[in-house]
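Participant: this one's sequence-less:
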């Protein structure tokens, strides 16, 4: 590898690392990290190992990929034992160090770069080939786009979530009741919450669109004696079946310590 | 020139191709000869370079991928598309590639490009099945490990579902590199990493087979025939440590063989790639490291007994390295023995019991768990899968004969021959209930040898068929071979994955622009937001979703026996009349949960909750598929026997209990 080529390699490596770590857009960072992680380490190591006698292009291609994967697999082990561990900066530094270090060795060994001798008549792209390749790319991109498109699942069975958790904060006399709809249509509910067995239940009418969530805090009407646990029960009914318990959850409320 | 082709002129195609494509391949420059090509007198001379038919084949392949993606999308939309559409897409990817590769026309460059295109397209089929969420059993586990590395900046964390996996941190470490530098998710990072690994695998096979056979045609055919192994399409493409290790394994074999074709400085140059990749395999996957050690030892011994002595290229030093590193890592990852030995011993016991008649055999195309009702495999699919094995079995003797007769046979080729024969013996393990998975995994390694041998057989068949078809259809022989290849690919895929699980199932959907999620996925995301520090007991499928995306600590499976805790119906109070003995729940279930410090229990009535392949998707109405089979209500209600317990979450089929309740 000549000095000029090494400078190009170093510039590309440092550039990729800088963009991967600092670019604001994730897509840009991904585009930069791909060569940095999956190509350059193998490329530089291959040049360093083979010096002035590089293997043929097909073998080199496999070497570039495989050695890059090996560096990633082993690099984590190295970073694990270093202060700071595995993070964005340490990974960036490691990969840059591997590429530049191997590049320096390659320069000293006078390694050759490039795809090798070009053959007569190779890689000529005529119009029909170009059109077919474009067609293939378009069709492939369409496949990817279709796969990533969310679709309605009309025959899926929707459902509703009901939960009860201790109230947030230190107030032990409150529970939080939540309702989330994963139904396939707007759904109307009646939520019944009963604190203890003797108290009257409290009803709430709730209407939720698919994907909606509603949360309510439930407290007893009167403060409980300190340290006394009272069971809370929440039952959910739907408008379509007002007498059938659709969902049921329970919890405990404890009387707050006296002063 | 082999005796098969004595009557046919065999032009010196290889040296000419080598010079023309300009890749400087010195494979045949004065090196010992390998197998001859089977170019017959009727074949056109190889192309001089350029793209050849690659653009046209690429269009076919892309169209096949589009069909598979469409089928998956229709299935996610619960439209119940025909599975034939999906398999037509697979065939449209596979058959044109093989049709072109079996021809003597393509240049080596075009062959390699076709092999890479084929592999990436099949990987695209797997991606199209699960573009937004990992749904394969091991993917959740390794994604959790990667998340833990990113969160804690260290390897060797804890994984409650598969504790051995953090001890092999190659995959999670590599994934963390992409995740931490870019902020991308484990899904995107994992896809990219495994995609690169898949490309390495098939290109490595091409180069390996080319060096061993001296023939890029055999190489291309062998590399694509490898896709006929039952794990290639789906299981081997998942985000898992084996999916990274096996390509590196092939790379080591390739490097060893390439090393032999060189002298001097280049001979030494290959040491670095071999050593690096060996290290990487050892820290990535246990079984692959043992397979590598075994094959290197076998090679070293073969070299010696074939009269080549202990000097290079005898790989005994690399064998020592592989054995030493594997044993060292086995000591470091001490859980490995505890994880693998029960699997291996159960496989042996099950096989022995099946052979001696002490236990019933496993029916083909069935799950090991008879409690779960499965979609049955249609008779046509079973016939295809069996026909695939039949084609490979028929090809075997022809391929072995051709390979064996190649002069100066490489020791690795001898091992390939042995592996190709052993593959069929190992198939018998599929009839033993606890051994079929072992057979499945072993087959992935042995199929490397079988692919090489079958590729040789394909060329024998091509030579025989060439000129025997109708004059109006000179391509008929290639078409017949391509059709056989299609059967091998489809049959292999059918044998490796449940029939009803090839096509995507809806895990997420949209209703009027809003996203809705399947019940187990909804639970996992609820847990992430509301009980992030909770410790859970759950069935196998629910546990995986609770790991990722739930991010929770969860135990599942039979060791400890969480599965029975979830699924068994214990006594109710009404049953406990005459002699109210301690219920099973009280006698061992609750003490086990307390000992493991598992506060929350996920009681899932769906049988699918224990199915690590099918358990993640929406329940379906009859119009959209099979409705769920449910456990009796008592299996859930038994947790209400615990006086302090609370029922904290209810989504219908899935209920979460806090067994410590008011404590």
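Facilitator: Yep, it's here. Every value quoted in this text rests on a predicted model; they were computed, and no experiment measured them. Numbers count the residues shown, from 1 in each chain, chains lettered A, B, ... in the order given.
Participant: Mind giving me the packing neighbours of the helix or strand hosting residue B:252?
Facilitator: In the assignment (DSSP states H and E), residue B:252 maps to helix B:241-260. Packing partners of helix B:241-260 (3 or more C-beta pairs under 8 Å, 6 or more residues apart in numbering or on different chains; DSSP states H and E): helix A:57-80, helix B:170-182, helix B:186-213, helix B:271-282, helix B:286-303, helix B:411-427, helix B:436-465. C-betas here are computed from N, CA, C, even on glycine.
Participant: Distance from the chain centre to that helix, please.
Facilitator: 16 Å (C-alpha atoms, centre = their mean, to the nearest Å).
Participant: Out of the helices and strands packed on helix B:241-260, which one sits most buried?
Facilitator: helix B:170-182 (a mean of 29; mean count of other C-beta atoms under 10 Å in any protein chain shown).
Participant: could you give the angle of it to helix B:271-282?
Facilitator: If you take axes from the mean of the first three to the mean of the last three C-alpha atoms, to 10 degrees, helix B:170-182 sits at 100 degrees to helix B:271-282.
Participant: burial measure for the closest residue to residue B:545 other than its chain neighbours, as a count.
Facilitator: Excluding its sequence neighbours, the residue lying closest to residue B:545 (C-beta to C-beta, 6 or more residues apart in numbering or on different chains) is residue B:524, at 4.0 Å. Using other C-beta atoms under 10 Å in any protein chain shown, residue B:524 has 27 neighbouring residues.
Participant: before we move on, what about the one 10 residues further on?
Facilitator: Neighbours of residue B:534 under the rule other C-beta under 10 Å: 18.
Participant: mind listing what it touches?
Facilitator: B:527, B:552-553, B:599-600 (C-beta atoms under 8 Å, 6 or more residues apart in numbering or on different chains).
Participant: Just want the most central residue of the chain.
Facilitator: You didn't pick a chain, so chain A it is. residue A:26 (11.8 Å; C-alpha atoms, centre = their mean).
Participant: To clarify, I was referring to chain B.
Facilitator: Nearest to chain B centroid, counting by C-alpha atoms, centre = their mean: residue B:236, 1.7 Å.
Participant: Any stretches of the stretch 1-150 of chain B with poor pLDDT?
Facilitator: B:1-50 (pLDDT under 70).
Participant: now the helices for it?
Facilitator: B:13-21, B:54-76, B:83-101, B:108-129, B:137-152 (DSSP state H, counting those that start in this stretch).
Participant: confidence score at the closest residue to chain A within the stretch 551-663 of chain B?
Facilitator: Among the residues of the stretch 551-663 of chain B, residue B:624 lies nearest to chain A; the distance is 2.6 Å by C-beta to the nearest C-beta. Looking at residue B:624, its pLDDT stands at 83.
Participant: so which strand or helix has residue A:93?
Facilitator: Using DSSP H and E, the element containing residue A:93 is helix A:88-108.
Participant: List the contacts of that helix.
Facilitator: A:1-3, A:6, A:9-10, A:13-14, A:17, A:20-21, A:36-37, A:40-41, A:43-45, A:47-48, A:51, A:71, A:75, A:78-79, A:82, A:84, B:176-177, B:180-181.
Participant: and if you look at stretch B:163-170?
Facilitator: For stretch B:163-170, using C-beta under 8 Å, 6+ apart, the contacting residues are A:73-74, A:76-77, A:80, B:141-142, B:145, B:148-149, B:155-159, B:172, B:241, B:244-245, B:280-281, B:283-286, B:332-336, B:338-339.
Participant: So for that stretch, first residue to last residue, what's the gap.
Facilitator: By C-alpha to C-alpha, to the nearest Å, the extent of stretch B:163-170 from end to end equals 15 Å.
Participant: Poorly predicted segments of chain B, please.
Facilitator: B:1-50, B:334-375, B:407-408, B:430-436, B:569-586, B:663.
Participant: Spatially, what comes nearest to residue B:491 if we skip its sequence neighbours?
Facilitator: Per C-beta to C-beta, 6+ apart, closest to residue B:491 is residue B:388, 2.5 Å.
Participant: what about that neighbour, is that helix, strand or coil?
Facilitator: Taking DSSP: H, G, I helix; E, B strand; the rest coil as the rule, one finds residue B:388 in the helix state.
Participant: got a list of what it touches?
Facilitator: B:228, B:487-492, B:494-495.
Participant: Make JSON lines out of those and add secondary structure.
Facilitator: Listed next are the contacts of residue B:388 as JSON lines, based on three-state DSSP:
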{"residue": "B:228", "secondary structure": "helix"}
{"residue": "B:487", "secondary structure": "helix"}
{"residue": "B:488", "secondary structure": "helix"}
{"residue": "B:489", "secondary structure": "helix"}
{"residue": "B:490", "secondary structure": "helix"}
{"residue": "B:491", "secondary structure": "helix"}
{"residue": "B:492", "secondary structure": "helix"}
{"residue": "B:494", "secondary structure": "helix"}
{"residue": "B:495", "secondary structure": "helix"}
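Participant: about what we covered before: and the contacts of helix A:88-108, which are buried?
Facilitator: A:1, A:6, A:9-10, A:13, A:17, A:20-21, A:36-37, A:40-41, A:43-45, A:47-48, A:51, A:71, A:75, A:79, B:176-177, B:180-181 (16 or more other C-beta atoms under 10 Å in any protein chain shown).
Participant: pLDDT weak spots in the stretch 1-150 of chain A?
Facilitator: Ranges of the stretch 1-150 of chain A meeting pLDDT under 70: A:1, A:112-125.
Participant: Looking at it, what residue ends up closest to chain B?
Facilitator: residue A:76 (2.1 Å).
Participant: Give me the nearest residue to that residue, chain neighbours excluded.
Facilitator: Closest to residue A:76 by C-beta to C-beta, 6+ apart is residue B:173, at 2.1 Å.
Participant: can you pull the contacts of that neighbour?
Facilitator: A:72-73, A:75-77, A:79-80, A:86, B:149, B:155.
Participant: Export those residues as a markdown table, with columns for distance to residue B:587.
Facilitator: Converted to a markdown table, the contacts of residue B:173 look like this (distance: C-beta to C-beta, whole Å):
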| residue | distance to residue B:587 |
| --- | --- |
| A:72 | 50 |
| A:73 | 47 |
| A:75 | 50 |
| A:76 | 45 |
| A:77 | 46 |
| A:79 | 48 |
| A:80 | 44 |
| A:86 | 45 |
| B:149 | 40 |
| B:155 | 40 |
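Participant: Closest one of these to residue A:254?
Facilitator: Nearest to residue A:254 among those, counting by C-beta to C-beta, is residue B:149 at 39.8 Å.
Participant: pretty sure the closest one contacts residue B:172?
Facilitator: Yes - under the criterion of C-beta atoms under 8 Å, residue B:149 makes contact with residue B:172 at 5.0 Å.
Participant: Which neighbours do these two have in common?
Facilitator: By C-beta under 8 Å, 6+ apart, the residues touching both residue B:149 and residue B:172 are A:76, B:155.
Participant: Count the residues that sit near residue B:143.
Facilitator: By other C-beta under 10 Å, neighbour count at residue B:143 equals 25.
Participant: And it, how far from residue B:545?
Facilitator: 11 Å (C-beta to C-beta, to the nearest Å).
Participant: My reading is that residue A:163 is in a helix; is that accurate?
Facilitator: No - Residue A:163: not assigned to a helix; according to three-state DSSP it is strand.
Participant: Just list whatever residues bridge to it.
Facilitator: Under DSSP bridges, the beta-bridge partners of residue A:163 are residue A:178, residue B:649.
Participant: Kindly report the residues of the stretch 551-663 of chain B close to chain A.
Facilitator: Residues of the stretch 551-663 of chain B lying near chain A by C-beta under 8 Å from any C-beta of the partner chain: B:618-621, B:623-625, B:627, B:646-653, B:661-662.
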